[in-house]
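**Student:** Here's my sequence, what's the structure:
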Amino acid sequence: MKLIKTDCLNAIQKQALLACWNEVYPASLCYTSLDEMDMYFSKLSNVEFFLLEYDDLNATAFAYRFLRDKETWLTMLMPATLQRKGNGKVLLDVLKSGCVELNAWVVDHNHALMKNEYVYISPLWFYLQNDFAIVENVRLETEVISALKLRWKKSD
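**Tutor:** Numbering: from 1, shown residues only. Next up is the predicted model:
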């Protein structure tokens, strides 16, 4: 396992991120091209990428944190082959380092379909087990996503 922190992905990493994104997220959130994904990232501020690479498994987990509306946000993308093995906690611990607060949007239902036509399984339980709390009365509802806002705060 190799942990990489960078503020700029190379072409191979971008292609791997696109493939991972389209593998793990509901179909409504998938991108059709690198240009489309690059456009999304161009709208974010202070992006820091964290990659957890496993050469022996030919798999990479991705996470990134960024600023939006004076808040620090995170996104994690964990391929199925790396789930339930402690990798999410490793990435979360790295994302939390140096932060006093992190925010995330998390789909909280299991009825969205993925590109492979399997049902998307919400990672809400994972975040709740890792000290995130639901922000009451804050929900993202668009034509492509329905999600709760979660927040982690560093304890004293």
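**Student:** Do a quick rundown of the helices in this structure.
**Tutor:** Under the criterion DSSP state H, the chain carries helices at the ranges 11-24, 34-42, 87-96, 124-129.
**Student:** which of those helices is buried the deepest?
**Tutor:** Most buried of these by mean neighbour count (mean count of other Cβ atoms under 10 Å) is helix 87-96; its value is a mean of 18. Bear in mind the C-beta positions are built from the backbone N, C-alpha and C, glycine included.
**Student:** Could you list the low-confidence segments of the chain?
**Tutor:** 156 (pLDDT under 70).
**Student:** ranges for the strands of it?
**Tutor:** Remark: strands assigned in the chain by DSSP state E are 2-6, 45-54, 59-68, 71-77, 101-107, 133-141, 146-153.
**Student:** ok, back up a step: so which of the helices of the chain comes closest to Asp69?
**Tutor:** Nearest to Asp69 among the helices of the chain is helix 34-42; the distance by Cβ to Cβ comes to 16.5 Å.
**Student:** And the helices of the chain: which comes nearest His109?
**Tutor:** For the helices of the chain, proximity to His109 was assessed by Cβ to Cβ; helix 124-129 is nearest, at 8.9 Å.
**Student:** Who are the packing partners of the closest one?
**Tutor:** strand 101-107, strand 146-153 (3 or more Cβ pairs under 8 Å, 6 or more residues apart in numbering; DSSP states H and E).
**Student:** Swap in 7 Å and give it another go.
**Tutor:** Judged by 3 or more Cβ pairs under 7 Å, 6 or more residues apart in numbering; DSSP states H and E, helix 124-129 is in contact with strand 101-107.
**Student:** just to revisit the earlier point, now tabulate the strands of the chain in TSV and tack on mean neighbour count.
**Tutor:** What follows is these, written out as TSV (neighbours: other Cβ atoms under 10 Å):
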stretch	mean neighbour count
strand 2-6	11
strand 45-54	17
strand 59-68	20
strand 71-77	19
strand 101-107	19
strand 133-141	11
strand 146-153	18
